[in-house]
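In: Pasting a predicted model and its sequence here:
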Amino acid sequence: MKANKEQWSSKFGFIMAAAGSAIGLGNLWKFPYIAGTSGGAVFVVVYIIFLLLLGIPILLSELAIGRFAGSNAIDSCAKIHPKWGFAGAFGVIGAFGVMSGYCVVGGWVIKYIINSFTDTNMGADYFTEYSSKSFEPILWMAVFLIITCLIVTGGVSNGIEKVSSVLLPTLVVFLFGIMIYSLTLPNAIEGVKFFLVPDFSEITSFSDFMTILFNAMGQVFFSLSLGMGTLITYGSYLPEDNNLASSTITIVTLDTLIAIVSGLAILPAVFSFGFEPTEGFGLMFRTLPAVFSQMSGGTVIAALFFILVLFAALTSSISLLEVIVSWVCTNTRLTRAWAAAIISALIFIAGCFASLSVGAIPDIKVGSISLFEFFSFFTDKIIMPLGGFFICILTGYVWGIDKAAKEISNNGRLKFAMKKLFSVTVRYIAPFLIAVIFVTSIADIA
């Protein structure tokens, strides 16, 4: 008997929610700027390879574990084996860590939406001045968290599913519109070449190659919400007749499509107006506002773009909060509303310190990096890869490929043509790649 009583009301609703979880700031914000700082198209090629070798098998494993066990991330893994609940714990911890920094960026996005209608001069100096304030960034961060909390409080089908089914299709339609506009700008082709034509001259050393590999792997985990328990939690709400393999392919395809479209919406515009694509973290909040200010109708385009970014951020933030809420509700007597409120309050406290570390109190550091950067590093580079690694071991060895395949094929009623490839990938390729890149990156940092 499943522990969860709630279920998705339709396959479309589940796909929108699961894809919405994957399609977040990782696509609209992180993907273009990481591509810009990691060799452009070289990074895109490596990213797609990792999607096939890591993204699809781990995502499919998480959905299978969730639907089989029908509970939160920790308890679902523990149902596979009582001593393996820790594999799901990486997800709960990771979700909290990501949200602690994610809500800060969500607050920035809300501020930029408001200012898009009143202030066309939002360049590099504007972001520096705004992020260095103490109160206002925290205020808008609180607004973002409250919206997320209210959606999750509404439940699975009436809250998460309904909101995702509206926000995600709207995001896709308008993002395509911005991409088409961006591609018509003068010199836009240079941005397209940078993004889609590999230039291997960017790789001049083994260190450069490993950096691209590490960035691509981290982006796959961040973008698809792997190793964070999101897909295990969402899988627990699935009915038994859902085609997990088909759903996985659809989610990964939508996520990759949006990442590519985002790059084609942003980078051609950046090149067209003579800005650097390697701006990194500041690409969205420093470079793009300057680009929009030079466009005809830039005020409207800026407002529309940041509204889309907010939609993407919300579809991901509700999935992250749900991971923790699901675990708390299962293991305490708290109602969904109280669990969401208490967890949001704790995230708010952590987010306050993360926000202040960006500008107002830069001495809030972990080692040599700000607390905000630490949340990103800790989750992207450590928690999520480790979570993904142990999910592979749990699926491939503890649970076993045959039992996992039985769940994926709906007890043999569906054909699972990828079983052999899935077995080799989950048991050998994915754990090996994660381990090698993880150890190499940690050695580099040390």
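Out: Yep, that arrived. All values reported here derive from a predicted model rather than from experimental measurement. Residues are numbered from 1 along each chain as shown.
In: Where does the prediction get shaky in the stretch 301-446 of the chain?
Out: 441-446 (pLDDT under 70).
In: Can you show me the helices along it?
Out: With helices called from DSSP state H, counting those that start in this stretch, the stretch 301-446 of the chain shows them at 336-358, 371-377, 384-393, 401-408, 419-424, 430-445.
In: Ok, which of these comes nearest Asn243?
Out: In terms of Cβ to Cβ, the element of these nearest to Asn243 is helix 401-408, at 8.9 Å. Any C-beta I mention is one placed from the backbone N, CA and C, and that applies to glycine too.
In: I'd like the distance between the residue nearest the centre of the chain and Ala87.
Out: Residue closest to the average C-alpha location in the chain (Cα atoms, centre = their mean): Ser223, at 3.6 Å. Taking Cβ to Cβ, to the nearest Å as the measure, Ser223 falls 21 Å from Ala87.
In: In stretch 362-379, which of the residues would be classed as buried?
Out: For stretch 362-379, burial by neighbour count (16 or more other Cβ atoms under 10 Å) applies to 364, 370-379.
In: right, and out of these, which lies closest to Val156?
Out: Nearest to Val156 among the buried residues of stretch 362-379, with distances taken as Cβ to Cβ, is Thr379, at 24.2 Å.
In: surely the closest one meets Gly97?
Out: Yes: with contacts counted by Cβ atoms under 8 Å, Thr379 reaches Gly97, the gap being 4.3 Å.
In: re earlier: please produce CSV containing the buried residues of stretch 362-379, extended by distance to Asp125.
Out: Output for those, formatted as CSV (distance: Cβ to Cβ, whole Å):
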residue, distance to Asp125
Ile364, 23
Ser370, 20
Leu371, 24
Phe372, 20
Glu373, 21
Phe374, 26
Phe375, 26
Ser376, 24
Phe377, 27
Phe378, 30
Thr379, 30
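In: that older thread, give me the element the residue nearest to the centre of the chain is part of.
Out: helix 206-224 (DSSP states H and E).
In: next SSE after that helix?
Out: In N-to-C order, the element after helix 206-224 by DSSP H and E is helix 230-235.
In: list the contacts for the residue nearest to the centre of the chain?
Out: Counting by Cβ atoms under 8 Å, 6 or more residues apart in numbering, Ser223 makes contact with 22, 24, 26-27, 30-31, 255, 259.
In: Just give me the least confident of these.
Out: Ranked by pLDDT, the contacts of Ser223 bottom out at Gly26 (69).
In: one step back: quick check: which of the helices of the stretch 301-446 of the chain has the most neighbours on average?
Out: helix 384-393 (a mean of 25; mean count of other Cβ atoms under 10 Å).
In: Could you quantify the relative orientation of that one and helix 206-224 as an angle?
Out: 70 degrees (axes from the mean of the first three to the mean of the last three Cα atoms, to 10 degrees).
In: What helices and strands are in contact with helix 384-393?
Out: Other helices and strands packing on helix 384-393, by 3 or more Cβ pairs under 8 Å, 6 or more residues apart in numbering; DSSP states H and E, are helix 56-69, helix 85-116, helix 206-224, helix 430-445.
In: Let me know which of those helices is tucked in deepest.
Out: helix 56-69 (a mean of 27).
In: Tyr397: neighbouring residues, count only.
Out: 12 (other Cβ atoms under 10 Å).
In: ditto for Pro186
Out: By other Cβ under 10 Å, the burial measure for Pro186, its neighbour count, is 10.
In: In a helix, it, correct?
Out: No: assessed with DSSP: H, G, I helix; E, B strand; the rest coil, Pro186 is coil; it does not lie in a helix.
In: ok, how many other residues are close to Pro239?
Out: If you count neighbours by other Cβ under 10 Å, Pro239 ends up with 12.
In: Verify the stated contact: Leu308 with Val172.
Out: No: assessed by Cβ under 8 Å, Leu308 is found out of contact with Val172, at 9.3 Å.
In: Would you confirm that Leu167 contacts Ser317?
Out: No: assessed by Cβ under 8 Å, Leu167 is found out of contact with Ser317, at 11.4 Å.
In: Quick check on the two: which one has the bigger neighbour count.
Out: Between Leu167 and Ser317, Ser317 has the larger neighbour count (other Cβ under 10 Å), namely 28 against 22.
In: Check the gap between that one and Val323 for me.
Out: 11 Å.
In: Equivalent analysis for Gly154, please.
Out: From Gly154 over to Val323 (counting by Cβ to Cβ), the distance is 16 Å.
In: next one: Leu224
Out: Leu224 sits 14 Å away from Val323, taking Cβ to Cβ as the criterion.
In: same thing with Ser247?
Out: 18 Å.
In: Which one of those two is surrounded by more residues?
Out: A direct count of neighbours by other Cβ under 10 Å for Ser247 and Val323 places Val323 higher, at 31 against 22.
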